[in-house]
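*Asks:* Quick one, fold the following:
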Amino acid sequence: MRQLSGQDAAFIYGETPNWHMHVSGLIIVDPSTAPDGWSFKRFRELLIERLPEIPQLRWRLIETPLGLDRPHWVEAEHVNVDFHIHRVGLPAPGGQAELSELVGRLIARQLDRSRPLWEAWVIEGLEGGKVAILQKMHHATIDGVSGAGLAEVLLDLTPEPRGPTGIEKDRLEYERVPSDIELVGRAIANTAWKTPFRLVRFMNQSIRQAAAAMPVLTDRDKPLSLPMTAPRTVFNTDPSPRRKFASARIELERVKAVKDAYGVKLNDVILAVCSSAMRRYLVLHDAAPSATMLAQVPVSLRVSDDDSVGNKVGSMTVSLGSDIEDPAERLRVINQSSTNAKEMRTAMAAHQIMGMTETTPPGLLALAARMYTRNKLADVTPPASNVVISNVPGPTFDLYVAGGRVEAMYPMGPLLMGMSLNITVFSFGDSIDFGLMVCPEAVPDPEVLAEGIAIALDELEAAAPSPG
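*Replies:* Sure, this is the predicted structure:
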C-alpha cells in the first residue's frame with residue numbers, strides 16, 4: 001500500500017456532490033491518418049496494452065473509516081476496463097454546441113471510488129468525421145504537469161503506435177488489505193505519534209514564511225494581491241452538480257509576438273486574454289464590478305525530473321486588472337502583479353516544509369467542505385478569488401492516438417469553493433487551447449466567454465507598441 005500525501009488526501013475528502021474533484025481533457029482526433037483505419041476497438045486495445053506503464057490507472061483507493069487518517073492506494077487485483085472505457089455517439093449535427101453539451105453532462109458524473117479513479121469516453125459522430133476522446137482522472141492522482149506526462153505515455157509520435165515497453169511502472173506490492181479495525185488502529189497510532197510533531201513543524205514553517213514574506217508585503221513599490229479580497233461577481237456562486245463546457249483556440253506565434261512586443265511573460269498574455277474575456281462577458285451582462293478581479297494561478301512545485309504520482313502544486317494570487325479599460329495597460333498591471341506574486345512565492349518557498357493538509361485529519365476537511373456547501377457560505381464570505389486560471393505547457397510536435405492525429409487538446413479543471421468558472425490552458429503544437437468549465441446556473445452561455453478569448457488577443461495586437 002501507499003499512503004496519499006496530505007494534499008492528495010485533501011482532494012479526496014474535499015469532494016462533495018457539488019465539488020467534483022476530477023480533472024479532464026478533451027482530445028480532438030483526425031482518424032483519417034490511422035494506417036489501418038481508426039476504431040474504438042483499437043483505442044481500447046492500445047489503452048489496455050499501456051496499463052502497466054500508468055500506475056494511476058491501476059490503483060484503487062482504500063479510505064480510513066471516519067476520515068481519521070489519510071487514505072491509501074492499493075494495486076487493483078484486476079482492472080475491468082469495461083467499467084472505465086466507454087463509447088458514445090454525438091447527436092446530429094455533431095457540432096460544437098452538441099459536443100459541449102455532452103461533455104458537460106459526462107463531466108458532471110462523479111467517479112466510482114470502488115474502482116481506479118479514471119474514465120475514458122470515445123465520442124463519435126463529430127462534424128467532418130472527427131472523433132473526440134474525453135479523459136477523466138481524480139485530482140488526487142495527477143496535477144497539471146504529471147497529467148501532461150500521462151498524455152505523453154498514452155499518445156505516440158507517429159501514426160504507427162509503438163509496442164508495449166514491458167515495463168510495469170510503480171507497481172505496488174500486493175498485500176492483504178487491512179480491515180476497518182486495523183485501519184482505525186493505524187490511524188490512532190499515527191495521530192498520537194505524528195500529529196504533534198507535524199504541528200510543531202508546521203508552526204515553525206509558518207513563522208519562518210511570515211518573516212520571509214514581510215519585506216515583500218511592506219514594499220509599497222510592489223503591491224500584492226491578497227486572497228479573500230476579490231469583488232463578488234456572477235462567477236462567485238457555489239456550483240451545483242451540473243457542468244457546461246466551452247473551448248477556444250488561439251495561435252501560439254501570435255501570443256509570443258504580443259509577449260515580445262510588451263516585454264512580458266507568455267503567461268501574462270494568457271492571463272490578460274482571460275481577463276479581457278471575463279470583463280467583456282460581465283459588461284455584456286451589465287454585471288462588471290468596479291474593483292479588479294483576482295485569479296488564483298496554480299504553480300508547479302515539481303523539479304524537472306520528478307514524474308511521481310500525485311500533486312506537487314502551490315498557487316499565487318494575481319490581479320487581472322479588469323477595472324482598467326485599456327487592454328495594454330491591463331496587461332502591464334497583470335505583469336507587475338504576477339511578478340510581485342512570484343517574488344512572494346519564492347520568498348515563502350524557501351521555508352516550505354509541509355502544508356495545512358499534512359496536519360489536519362482528512363475527516364475534518366470533509367466535514368468543513370460539507371458545512372461550507374450546506375450552509376451556502378459562498379454567498380456570505382468574501383471570494384478567495386474570482387477564477388482559477390491554470391496554464392500547462394505542452395509539446396510543440398504532432399501526436400497521435402491509435403494512429404489518428406491529435407488536432408487539439410482542451411484541458412478542464414474542477415469547480416469548487418464559491419467559484420463557478422475554471423479556465424485551464426494547454427499549449428499544443430502551434431496553438432494554445434483553452435478549456436472553460438462552468439456551472440450553467442451561474443454562467444449559462446460559456447460560449448460567449450470563449451468567443452472573448454480571440455477578441456482579446458486582437459485587442460492586444462492592435463494596442464501593441466510599435467517596433468523600436
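
*Asks:* my read: residue 439 touches residue 243, true?
*Replies:* Yes - using C-beta atoms under 8 Å, residue 439 makes contact with residue 243 at a distance of 6.7 Å. Every C-beta, even on glycine, is put in place using the N, C-alpha and C of the backbone.

*Asks:* tell me, what's touching those two both at once?
*Replies:* Jointly contacting residue 439 and residue 243 under the rule C-beta atoms under 8 Å, 6 or more residues apart in numbering are residue 415.

*Asks:* can you pull the contacts of residue 322?
*Replies:* 275, 278-279, 282, 288-289, 292-293, 330.

*Asks:* Point out where the protein drops to low pLDDT.
*Replies:* 144-149, 173-175, 191-222, 302-312, 346-362, 467-468 (pLDDT under 70).

*Asks:* most centrally placed residue in it?
*Replies:* residue 413 (3.6 Å; C-alpha atoms, centre = their mean).

*Asks:* could I get the contacts of residue 322 as TSV with neighbour count, distance to residue 80 and secondary structure?
*Replies:* TSV is the format used below for the contacts of residue 322 (neighbours: other C-beta atoms under 10 Å; distance: C-beta to C-beta, whole Å; DSSP: H, G, I helix; E, B strand; the rest coil):
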residue	neighbour count	distance to residue 80	secondary structure
275	29	45	helix
278	25	42	helix
279	24	48	helix
282	19	46	helix
288	18	50	coil
289	17	49	coil
292	22	50	coil
293	27	45	coil
330	26	51	helix
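
*Asks:* Residue 1: neighbouring residues, count only.
*Replies:* 16 (other C-beta atoms under 10 Å).

*Asks:* any idea how far residue 115 is from it?
*Replies:* Using C-beta to C-beta, to the nearest Å, residue 1 is found at 17 Å from residue 115.

*Asks:* ok, now residue 385?
*Replies:* Counting by C-beta to C-beta, the gap from residue 385 to residue 115 is 33 Å.

*Asks:* between the two, who's got more neighbours?
*Replies:* Under the neighbour definition other C-beta under 10 Å, residue 385 and residue 115 were set side by side, and residue 385 has more, 26 against 15.

*Asks:* I'd like the distance between that one and residue 295.
*Replies:* Separation of residue 385 from residue 295 (C-beta to C-beta): 6 Å.

*Asks:* what sits in contact with each of the two?
*Replies:* residue 317.

*Asks:* unless I'm mixing things up, the residue nearest to the centre of the chain is touching residue 23, no?
*Replies:* Yes - when contacts are counted by C-beta under 8 Å, residue 413 is listed as touching residue 23 (5.8 Å).

*Asks:* what do the two both touch?
*Replies:* Common neighbours of residue 413 and residue 23 (C-beta under 8 Å, 6+ apart) are residue 424.

*Asks:* Where do the strands of the stretch 151-300 of the chain begin and end?
*Replies:* 244-251, 294-300 (DSSP state E, counting those that start in this stretch).

*Asks:* how about those strands in CSV, adding mean neighbour count?
*Replies:* Converted to CSV, the strands of the stretch 151-300 of the chain look like this (neighbours: other C-beta atoms under 10 Å):
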stretch, mean neighbour count
strand 244-251, 22
strand 294-300, 21
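
*Asks:* Of all those, which one comes closest to residue 164?
*Replies:* The minimum distance between residue 164 and those falls on strand 294-300, with 29.2 Å, by C-beta to C-beta.

*Asks:* Report the distance from stretch 420-438 to the chain centre.
*Replies:* 10 Å (C-alpha atoms, centre = their mean, to the nearest Å).

*Asks:* wait, stretch 443-455
*Replies:* Centroid separation between stretch 443-455 and its chain, computed with C-alpha atoms, centre = their mean, is 19 Å.

*Asks:* And the contacts of it?
*Replies:* 96-97, 100, 234-235, 244-248, 250, 273-274, 276-278, 280-281, 284, 420-421, 434, 436, 438, 440.

*Asks:* Quick one, which of these are buried?
*Replies:* Buried residues within the contacts of stretch 443-455, counting neighbours by 16 or more other C-beta atoms under 10 Å: 100, 234-235, 244-248, 250, 273-274, 276-278, 280-281, 420-421, 434, 436, 438, 440.

*Asks:* Check which residues of stretch 249-263 are buried.
*Replies:* Buried, per 16+ other C-beta under 10 Å, within stretch 249-263: 249-250, 252, 254-255, 258-259, 261-262.

*Asks:* got it, and stretch 326-339?
*Replies:* 327-328, 330-338.

*Asks:* can you pull the contacts of the closest residue to residue 421 other than its chain neighbours?
*Replies:* Nearest residue to residue 421 in three dimensions, chain neighbours excluded: residue 235, at 4.3 Å (C-beta to C-beta, 6 or more residues apart in numbering). Residue 235 is in contact with 278, 386-387, 419-421, 442-443, counting by C-beta under 8 Å, 6+ apart.

*Asks:* Distance-wise, check the closest residue to residue 161 other than its chain neighbours relative to residue 257.
*Replies:* Closest residue to residue 161 apart from its sequence neighbours, by C-beta to C-beta, 6+ apart: residue 46 at 5.9 Å. As defined by C-beta to C-beta, residue 46 lies at a distance of 38 Å from residue 257.

*Asks:* was I right about residue 11 contacting residue 138?
*Replies:* Yes - applying C-beta under 8 Å as the test, residue 11 and residue 138 come out as touching, 6.9 Å apart.

*Asks:* Report the set of residues contacting both of those two.
*Replies:* Joint contacts of residue 11 and residue 138 (C-beta under 8 Å, 6+ apart) are residue 21.

*Asks:* can you count the residues close to residue 163?
*Replies:* Residue 163 has 7 neighbouring residues, counting by other C-beta under 10 Å.

*Asks:* do you know how far the closest residue to it other than its chain neighbours is from residue 81?
*Replies:* Distance criterion C-beta to C-beta, 6+ apart; nearest residue to residue 163, sequence neighbours excluded, is residue 49 at 7.9 Å. Distance of residue 49 to residue 81, computed by C-beta to C-beta: 11 Å.

*Asks:* Which stretches in the stretch 301-450 of the chain count as helices?
*Replies:* Per DSSP state H, counting those that start in this stretch, the stretch 301-450 of the chain carries helices over the ranges 327-349, 362-374, 446-463.

*Asks:* And the stretch 1-150 of the chain, by the same measure?
*Replies:* Using DSSP H, counting those that start in this stretch, helices in the stretch 1-150 of the chain cover 6-13, 40-49, 96-107, 144-154.
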